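>>> mind folding the following:
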Amino acid sequence: MAVELNHTIVVSSDKRASATFLAELLGLEVGEQFGPFVPVTTGNGVTLDYAEYEEEEGGITPQHYAFLVSEDDFDAIFGRIKAAGITYYADPYHGRVGEINTRDGGRGTYFDDPDGHAMEILTRPYGSGGRRG
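Numbers count the residues shown, from 1 in each chain. This is a model prediction of the structure:
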């Protein structure tokens, strides 16, 4: 059996709001709550399980989540990002505000979720030389 990522936990201050934020931008569904988690499942079956942090854990450490999307999906998602007035960047360090990148012959952009997690959409995997992946 090949090794595949099945799910990851995304720590948030409001799991329902954060799951809804991402799902609406990406055009996905928020699943039914399962235990303490509110899931958002991607097209390749990976689930982001949103959970709320515990005060004694010391807050939220921002993480990075990248989503490989088609050119058409990029247009739709990017349109929703702009329509919502969300600040976006061409780079992960937030140095190129209001821009997208064109690495490997594709397009990509970064934006933050309500808890500061760095979200990314890209149309070509980095290092692909322009191949879709």
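>>> any idea which residue sits dead centre in the protein?
The chain has residue 119 as the residue nearest its centroid, 3.8 Å off, counting by Cα atoms, centre = their mean.
>>> which residues does it bridge with?
residue 65, residue 111 (DSSP bridges).
>>> residue 14 versus that one, what's the distance?
Per Cβ to Cβ, to the nearest Å, residue 119 is found 16 Å from residue 14. Yep, even glycine has a C-beta here, placed from its N, CA and C like the rest.
>>> next one: residue 112
Relative to residue 14, residue 112 is positioned 15 Å away (Cβ to Cβ).
>>> do residue 77 as well
22 Å.
>>> so these two - more neighbours on which side?
residue 77 (20 against 14; other Cβ atoms under 10 Å).
>>> tell me who's in contact with the nearest residue to the more buried one once chain neighbours are set aside.
Using Cβ to Cβ, 6 or more residues apart in numbering and skipping residues adjacent in sequence, the residue nearest residue 77 is residue 121, 5.4 Å away. Applying Cβ atoms under 8 Å, 6 or more residues apart in numbering, we find residue 121 in contact with 26, 66, 67, 69, 73, 74, 77, 78, 108, 109.
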